[in-house]
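1. Generate a structure from the sequence data that follows.
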Amino acid sequence: MANPNVQPIYPKSIIYWKARLLAQVTPRAITTETPVLLGTVGDNGCLIHAIDVRHQGDNVATVARLYSKFADDTQYYLENELSLTATSSSNNTTAIAPALFTLPAILPSGNTGMHLEGGVSLYCSLGTAVASGIILTVRGGDY
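-> Next comes the predicted model:
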């Protein structure tokens with residue numbers, strides 16, 4: 001057995017991936033569609049801390065989806081999805097609250113996050129096209 005890591009682990013770099021989505025629509029089980037690349041994890045893996053979605057104006061209800069894909073694979077794997085309610089009558093005097101993805105529990109203490117192994121790419125898409133667009137943001141640490 002290898003020696004256990006007994007030192008604190010710090011991120012090598014910060015993950016701050018963003019994508020603007022309008023008409024980038026894919027089904028849950030992707031066949032020929034291509035979702036939008038958010039980023040690719042470094043050699044040692046990463047821990048995603050938070051993923052949020054912000055409407056940029058009036059939009060119909062839709063679903064935001066996250067997929068993972070291994071470097072040597074052609075298959076996209078649905079990781080998570082989030083229902084987004086419609087926004088209407090948005091203006092520049094009222095903020096539109098962000099919607100947060102629910103990430104899985106990663107520790108018994110109730111902390112949440114998403115571990116991804118080295119070389120995995122994270123992609124996103126919508127279930128239905130929207131008029132004004134949404135911004136999907138991923139925050140975490142690359143090790």
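
2. use CA for all of it now, contacts and neighbours both
-> Noted.

3. which residues of this structure score low on pLDDT?
-> Applying pLDDT under 70 to the chain flags the ranges 1-3, 5, 8.

4. Ala129 contacts Gln24, correct?
-> Yes. Taking Cα atoms under 8 Å as the definition, Ala129 is a contact partner of Gln24 at 6.8 Å.

5. give the contact list for Leu103.
-> Residues in contact with Leu103, defined by Cα atoms under 8 Å, 6 or more residues apart in numbering, are Ala50, Thr112, Gly113, Met114.

6. Count residues in the vicinity of the second one, would you?
-> One way to gauge burial is a neighbour count; for Thr112, by other Cα atoms under 10 Å, it gives 17.

7. Quick check: phi and psi at it.
-> Thr112 adopts backbone torsions of phi -120, psi 160, taken as degrees, to the nearest 10.

8. Without its sequence neighbours, what residue ends up closest to it?
-> Distances taken as Cα to Cα, 6 or more residues apart in numbering put Ala105 closest to Thr112, at 4.3 Å, once the chain neighbours are dropped.

9. count of residues packed around the one you found?
-> When neighbours are defined as other Cα under 10 Å, Ala105 has 12 of them.

10. From Asn92, how far off is it?
-> Distance of Ala105 to Asn92, computed by Cα to Cα, to the nearest Å: 36 Å.

11. Equivalent analysis for Thr74, please.
-> Using Cα to Cα, we find Thr74 at a distance of 43 Å from Asn92.

12. Residues contacting stretch 39-49, please?
-> 15, 17, 112-123, 138-143.

13. which parts of it are buried?
-> Buried positions in stretch 39-49, judged by neighbour count with 16 or more other Cα atoms under 10 Å: Gly39, Thr40, Val41, Gly42, Gly45, Cys46, Leu47, Ile48, His49.

14. Same check on stretch 67-76?
-> Across stretch 67-76, burial judged by 16+ other Cα under 10 Å covers Tyr67, Ser68, Lys69, Phe70, Tyr76.

15. go on, stretch 21-35?
-> Taking 16+ other Cα under 10 Å as the basis for neighbour counts, the residues of stretch 21-35 that come out buried are Leu21, Leu22, Gln24, Val25, Thr26, Arg28, Pro35.
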